[in-house]
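here's a sequence, model it:
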Amino acid sequence: MYISRIIIDGFRGFKHSEIEFQEGLNVIIGHNNGGKSTIMDALRLVLEYGSQKNLSAWDFCQKEDQQGLKDNPPSVKVSVFIKEQKEEGMSDDVALFTNYAVQTSPLLESCLTYVYGLPQTEVDKYKKDVADVTDKYSLFKVVEDKYIRKYTHTIYGGPVSAQNQAQGEDLKKIDFEFVNALRNVEDEIYGGRAALLKDVLRYFLDYDLNEDKDREDKVAERHQTFMTDTHDVIEKLVKRINAGKDNIVEYANRTGALFSNNKLNLEGDVTEGDLLAVLDLLVGDGKGEKLPVALNGLGYNNLIYISLLLAKMQSNAKVDFMGSSNVKAFSVLAIEEPEAHLHPQMQYQFLEFLRNNIVDKHVKQVFVTSHSPSLVASVKLDELCCLHRLEDGAVKVYSPKKVFAKDEPAKKFIQRYLDATRADMLFAGGVIFVEGIAEQVLLPVFARLLGMYDKWLKKHIVVINIGGRYFDNFLKIYDSTNPDALTLKVACITDRDPVRKEKGKANARFESCTPSEYNADTAKYEYSNNSESLVKKYEAHKNIRYFSQNEDGCTLEYEIALNNPTNKVLRVPSLRNTDELKKMMEAENADKVSIASRYLESVSKGVNALELSNAIMDLPEAEREKFNVPPYIKKAIEWALS
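Purely as a prediction, here's the structure:
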């Protein structure tokens, strides 16, 4: 069995959302405050036995209209669907969820639903109390002050309409382990009566005998030897303290703790478990140096903690260790921000570690939240669940798996791209796709020159260099005509790159031409360009636009010079033909077309862009304002920010 989907109604930013999951690893990504933790908390409300189930008034979704909230008190419903894996047979988890089925064919699908609501006996009073409120904040204050303490929760199994409450003994069989983003690893490993390290070590005691047919007899023999050895040690310890015991008796007599000739005796036995509790984890460097785990790096300690937790889940599933009443039948690990304190390579390794634990059946399913582009770059598209908070505060769920369901080549292309780069584009608030390094370097500088950089930062605009004209594969992720896509504002900046070829000439090929040559001799040449059809195709699209030069332009470098023909900031060190360009720029009747053409021939694109960006930012403010951003670039930035 595995969690196939969750439906969240009325919980925080989720008015009504259905989120599908897959077997194994699921990685939930999105902006800060984008709903990732809410999904984790929703799973905990249903699956984590013994956790806090009561909510606050501010946990209710505030996206409901005001009149609707007056007519019906706010409520929360979270339904978790657990589906049978193919050819699973009658396993322990199948048996656990059979009584809560919502369908039995072709595969079993069960459902557990958490419902948090105001009892019907209080609804009329509630309606009277909120009848005259004028805003939703005041309404929720009424809920908080007078009604939240009266709310009750129930977990139902199967269809909610059947009102079949899930049995506590069944819910206890679910091993849902949650690792909070703000975790104190040392306390979790050692602290409290149920210290994690002690529990894990107890399970792995005599692990070498697991496959031995005489395991029970040999473990009993080891235990007896241990008790004999420790008894001798305790006797020696009691003898060493006997003289001091008289002083303890004297103090006890003075306080009146002893009467009627009562005495204090020091006796005892030590079990293996008692001694396991005093063991400490030491981290060695392989050269003889050791440190307590408390002094180890936070990133490594996070990995140690999660590995111990998985070992504990392994022990929880063993009936001979836990007993038939306490053994767990269904295990789920949920981790918030595993990238905390881990450098990128360790993040990649950690993902593989999780996948291997799933394959080895130490855990059924793993849920991870992340906002690390480095970690997500190594996540498979099928494992991703993308969240995006809309302008009205509602949370929208997007699924790359569904986006590419019918286009495997595009899916593989994007997967390879993410593997080789960071996954910044999946965390953006707006995206600008460009063909090369020059645009990638210069666009943030142009945003500054246009006075838009603060908005650029606030909206989390990213510039993605796709290294060519492969826009179509990327645009599938953002195409609003697909309900499963991530509908951000997307600008595609592409060079016009005019070309021509001779008519009637066998094997003629298109070759580059200058803007002044374009359409100059239609009798002799056939002309084409890269961008006109693309600009036209997307001119009415809801969230995607193409931007390029007009007929007077051809590339970014040409357009920069065309709009700044006499600006000496263009003359950067790597520029070829500097002296010639200087003369052309300083000529009395400077010809901007000639300057732009010569400038284009003189640049080394990547180096030129880096030097130009530095040169522009080094200018005094007054000089910087004289630089003219190419119009099509300005329009692209404005679109992404709109």
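
okay, now the unreliable bits of the stretch 1-150 of the chain?
87-89 (pLDDT under 70).

strands along that one, start to end?
Counting by DSSP state E, counting those that start in this stretch, one finds strands in the stretch 1-150 of the chain at the ranges 2-11, 14-20, 24-29, 76-83, 101-103, 109-117.

ok, which of those strands comes nearest L619?
Nearest to L619, of all the strands of the stretch 1-150 of the chain, is strand 24-29, at 38.8 Å by Cβ to Cβ. For glycine as for every other residue, the C-beta is placed from the backbone atoms N, C-alpha and C.

need the strands of the stretch 1-150 of the chain in CSV (columns: mean neighbour count and distance to K127).
Listed next are the strands of the stretch 1-150 of the chain as CSV, based on neighbours: other Cβ atoms under 10 Å; distance: least, Cβ to Cβ, whole Å:
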stretch, mean neighbour count, distance to K127
strand 2-11, 21, 18
strand 14-20, 18, 21
strand 24-29, 22, 37
strand 76-83, 22, 19
strand 101-103, 16, 33
strand 109-117, 21, 14
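
need those strands in CSV (columns: distance to V441).
Listed next are the strands of the stretch 1-150 of the chain as CSV, based on distance: least, Cβ to Cβ, whole Å:
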stretch, distance to V441
strand 2-11, 42
strand 14-20, 38
strand 24-29, 27
strand 76-83, 46
strand 101-103, 54
strand 109-117, 50
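
so what touches the strand or helix carrying K582?
Per DSSP states H and E, K582 falls inside helix 578-586. Contacts of helix 578-586 with the rest of the structure, by Cβ atoms under 8 Å, 6 or more residues apart in numbering, involve 565-568, 570-571, 575, 590-591, 594-595, 598-599, 602.

okay, who's weakest in those by pLDDT?
Among these, A590 carries the weakest pLDDT, at 87.

quick one: contacts for the closest residue to K15 other than its chain neighbours?
Closest residue in space to K15, ignoring its immediate chain neighbours: K63 at 4.3 Å, by Cβ to Cβ, 6 or more residues apart in numbering. Applying Cβ under 8 Å, 6+ apart, we find K63 in contact with G13, K15, D392, G393, A394.

of these, buried ones?
Neighbour-count burial (16 or more other Cβ atoms under 10 Å) applied to the contacts of K63 gives G13, K15, A394.

now those residues in CSV, with distance to P400?
CSV is the format used below for the buried ones among the contacts of K63 (distance: Cβ to Cβ, whole Å):
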residue, distance to P400
G13, 21
K15, 23
A394, 20
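
can you tell me which of the residues you listed is nearest L43?
Within the buried ones among the contacts of K63, the smallest distance to L43 is 15.6 Å, found for G13 (Cβ to Cβ).

show me the contacts for the closest one.
By Cβ under 8 Å, 6+ apart, the contact list for G13 reads G35, T38, C61, K63, R389, G393, A394, V395.

filter the residues you listed down to the ones in helices?
Cross-referencing the contacts of G13 against helices under DSSP state H gives T38.

list the residues that contact V395.
G13, F14, S17, G34, G35, T38, L387, H388, R389.

N465 against V434, yeah?
Yes - if you go by Cβ atoms under 8 Å, N465 and V434 touch, sitting 5.5 Å apart.

between these two, point out the one with more neighbours.
V434 (25 against 16; other Cβ atoms under 10 Å).

name the residues contacting each of N465 and V434.
Q440.

for the chain, give me the ranges with low pLDDT.
Applying pLDDT under 70 to the chain picks out residues 87-89, 182-207, 237, 241-302, 304, 341.

circling back to that earlier point, gap between the residue nearest to K15 and K53?
23 Å (Cβ to Cβ, to the nearest Å).

show me the contact partners of the following helix or strand past the helix holding K582.
Next helix or strand after helix 578-586 toward the C-terminus (DSSP H and E): helix 592-602. By Cβ under 8 Å, 6+ apart, the residues outside helix 592-602 that reach it are 514-516, 552, 554-555, 557-562, 565, 570, 575-578, 580-581, 584-585.

buried residues in helix 592-602?
K592, I595, A596, S597, R598, Y599, L600, S602.

returning to what we had before: so of the contacts of helix 592-602, which ones are in helices?
E557, Y558, E559, I560, A561, L562, T578, E580, L581, M584, M585.

picking up where we left off before, can you list the buried residues in the helix holding K582?
In helix 578-586, counting by 16+ other Cβ under 10 Å, buried: L581, M584, M585.

from the chain's centroid, how far away is it?
From the chain centre to the centre of helix 578-586 is a distance of 52 Å (Cα atoms, centre = their mean, to the nearest Å).

then stretch 54-61?
Distance, centroid of stretch 54-61 to centroid of chain: 24 Å (Cα atoms, centre = their mean).

ok, stretch 92-108 next?
With Cα atoms, centre = their mean, you get 30 Å for stretch 92-108.

ok, residues contacting it?
Here stretch 92-108 has contacts from 1, 81-86, 88, 109-112, 157-159, 164, 166, 170, 173-174, 329-330, 364, using Cβ under 8 Å, 6+ apart.

now it: buried residues?
Using 16+ other Cβ under 10 Å as the test for burial, stretch 92-108 gives D93, V94, L96, F97, Y100, A101, V102, L108.

which two in those residues are spaced the farthest apart?
D93 and V102 (16.0 Å).

for the strand or helix carrying R448, packing partners?
With elements taken from DSSP H and E, the one containing R448 is helix 437-449. With contacts taken as 3 or more Cβ pairs under 8 Å, 6 or more residues apart in numbering; DSSP states H and E, helix 437-449 sits against strand 430-434, helix 453-458, strand 461-465, helix 556-563, helix 605-618, helix 631-641.

which of these sits closest to K380?
Closest among those, once you apply Cβ to Cβ, is strand 461-465, at 19.8 Å.

and the angle from that closest one to strand 430-434?
Between strand 461-465 and strand 430-434, the angle comes out at 20 degrees (axes from the mean of the first three to the mean of the last three Cα atoms, to 10 degrees).

show me which positions of the helix or strand just after strand 461-465 end up buried.
Note on strand 461-465: by DSSP H and E, the next helix or strand toward the C-terminus is helix 471-475. Using 16+ other Cβ under 10 Å as the test for burial, helix 471-475 gives F471, N473, F474, L475.

which secondary structure elements does helix 471-475 contact?
Looks like helix 471-475 contacts helix 408-420, strand 430-434, strand 489-493 (3+ Cβ pairs under 8 Å, 6+ apart).

hang on, the earlier thing: format the contacts of V395 as a markdown table; extra columns: distance to H343.
Shown next, in a markdown table, are the contacts of V395 (distance: Cβ to Cβ, whole Å):
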| residue | distance to H343 |
| --- | --- |
| G13 | 31 |
| F14 | 33 |
| S17 | 34 |
| G34 | 24 |
| G35 | 27 |
| T38 | 28 |
| L387 | 25 |
| H388 | 27 |
| R389 | 28 |
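
check which helix or strand R500 maps to.
strand 499-502.

partner strands of the following helix or strand past that strand and their direction?
Using DSSP H and E, the helix or strand that follows strand 499-502 towards the C-terminus is strand 511-512. Using DSSP bridges, the strands paired with strand 511-512 are strand 499-502 (antiparallel).

what about D454, distance to A622?
In terms of Cβ to Cβ, D454 sits 20 Å off from A622.

those two: which has the busier surroundings?
Per other Cβ under 10 Å, whichever of D454 and A622 has more neighbours is D454, with 10 against 7.

weed out the non-buried ones from the contacts of helix 592-602.
515, 554-555, 557-562, 565, 570, 575, 581, 584-585.

nearest to F547, of the buried residues of helix 471-475?
Among the buried residues of helix 471-475, and counting by Cβ to Cβ, the member closest to F547 is F471, at 11.7 Å.

for the closest one, give me its contacts.
Contact partners of F471, counting by Cβ under 8 Å, 6+ apart, are F433, C492, T494, L534, Y546.
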